[in-house]
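Trainee: Just a sequence and a predicted model for now, questions to come.
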Amino acid sequence: MATGLGEFLRSLKQGLMKGEQNTPARGDAQVGEFARTTRLPSEIILKILSFLDASSLLKISFVNKQFHDLDNNNALWSVIEKKKWRPRVSMMTEAVSSTVVEEKPAGYWKKLLLKEMAGYKDTMWKTELKHMNPHTGMPALTEHALRRLHIQWEITLTNKNGQESVYKQMHTFFEDSLVTVCWSHGVWPFMYNLNSLQLHGIMCPASPAPGDKPRWRSLIHKTGLQRTGHWSFFGADRLVKLLQFDKWIIIGLWRGNWKIGCCMMTLTVLDEAQRPFWCVSSTVKMYSRQRVLNLEYEGEQFIVLYEDAEGKVKMTFVWMKEFQHYFLVQLVTIFPAAKVKRHFGGE
């Protein structure tokens, strides 16, 4: 044992002396120290690197080719992964075996660890959204997940000259099956001067920082607002004029002052096991009902119709003047037989 240790120390000394001889006399002292380090046996360097965390180890890989090759060592990264995710003992049983570790291609455990570190937050919110609301069939912790991730929404308007105006949200209101976002700050341009509208989801950093803060932006929807485009006139009454630009966006213009309103329908139909059978959220039209139903409610009646390839819905509302609210008094849903068979596994 002593003989082997003596041989190792003599080899190490010879390597260091050789490194000093090859180092230029006028070179920087730091360059000489680095040359000595690179002369160390790979086993010693790996032992030193094993004390680093994942972030420091990743930076070391950009120093030179030798460190880059050592940085992809599976045994090194499997140990770091075991320390990083210690609670997952069952998942790391395979990693303990040195034979299994070496069977993996170079850099396997490094890529696996970095992927898991990057997707940790992604896994958290996906786990939260697995809890379903039995009444709506939709995730019950949506508000909690969105607030924890600091999600906000922005509207970007582009005029005909290509100039963009960004409007940040002012308020958000969460319900069981929807979220209402309000933008009410700043000077809004006239509709006829606009070329396009974009809606972005924004993930803001948790801790406030001075100056510009890095934010992750995701484009949710983009639509053109040109007058030569597909503007669909929905209808109008004494107060509101409705225009639809595409399948997803409808704008209500209050006559005379350019204020914006909205008319949306969100419907979730559950089966007997409380699983979502049909979910729809879309702009809808409301008509005054000509053939009045014989109901115990007094007031003007209106109907809402919606139909797509998955189903059809018809709702009847009564306007209660004393409460200044619409009350749903009738709901009819119709589904294709093929959809029902497909959902319940029938033939």
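Mentor: Alright, I've got the coordinates. Numbering: from 1, shown residues only.

Trainee: in stretch 279-290, what's buried?
Mentor: Buried residues in stretch 279-290, defined by neighbour count with 16 or more other Cβ atoms under 10 Å: 283-284, 286. Using the backbone N, CA and C atoms, a C-beta is placed for each residue, glycine as well.

Trainee: which one of those residues is nearest residue 271?
Mentor: The shortest approach to residue 271 among the buried residues of stretch 279-290 belongs to residue 284, at 23.7 Å (Cβ to Cβ).

Trainee: For the closest residue to that closest one other than its chain neighbours, report the pLDDT, please.
Mentor: Excluding the flanking residues, the one nearest residue 284 by Cβ to Cβ, 6 or more residues apart in numbering is residue 265, at 4.3 Å. According to the prediction, residue 265 has pLDDT 83.

Trainee: residue ranges of the helices in the protein, please?
Mentor: 2-22, 29-38, 42-49, 54-60, 65-71, 74-84, 89-96, 98-103, 108-118, 120-128, 142-148, 337-344 (DSSP state H).

Trainee: Touching the fifth one from outside, list them.
Mentor: Counting by Cβ atoms under 8 Å, 6 or more residues apart in numbering, helix 65-71 makes contact with 38, 42, 45-46, 49, 57-58, 60-62, 76, 110, all of which sit outside it.

Trainee: Kindly reformat those as a markdown table containing neighbour count and distance to residue 302.
Mentor: Shown next, in a markdown table, are the contacts of helix 65-71 (neighbours: other Cβ atoms under 10 Å; distance: Cβ to Cβ, whole Å):
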| residue | neighbour count | distance to residue 302 |
| --- | --- | --- |
| 38 | 13 | 80 |
| 42 | 11 | 79 |
| 45 | 18 | 77 |
| 46 | 15 | 75 |
| 49 | 18 | 71 |
| 57 | 21 | 65 |
| 58 | 14 | 62 |
| 60 | 16 | 69 |
| 61 | 17 | 66 |
| 62 | 9 | 66 |
| 76 | 20 | 69 |
| 110 | 22 | 62 |
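
Trainee: Would you reformat the buried residues of stretch 279-290 as JSON lines and include pLDDT and distance to residue 338?
Mentor: Output for the buried residues of stretch 279-290, formatted as JSON lines (pLDDT from 0 to 100; distance: Cβ to Cβ, whole Å):
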{"residue": "283", "pLDDT": "73", "distance to residue 338": "26"}
{"residue": "284", "pLDDT": "80", "distance to residue 338": "24"}
{"residue": "286", "pLDDT": "80", "distance to residue 338": "30"}
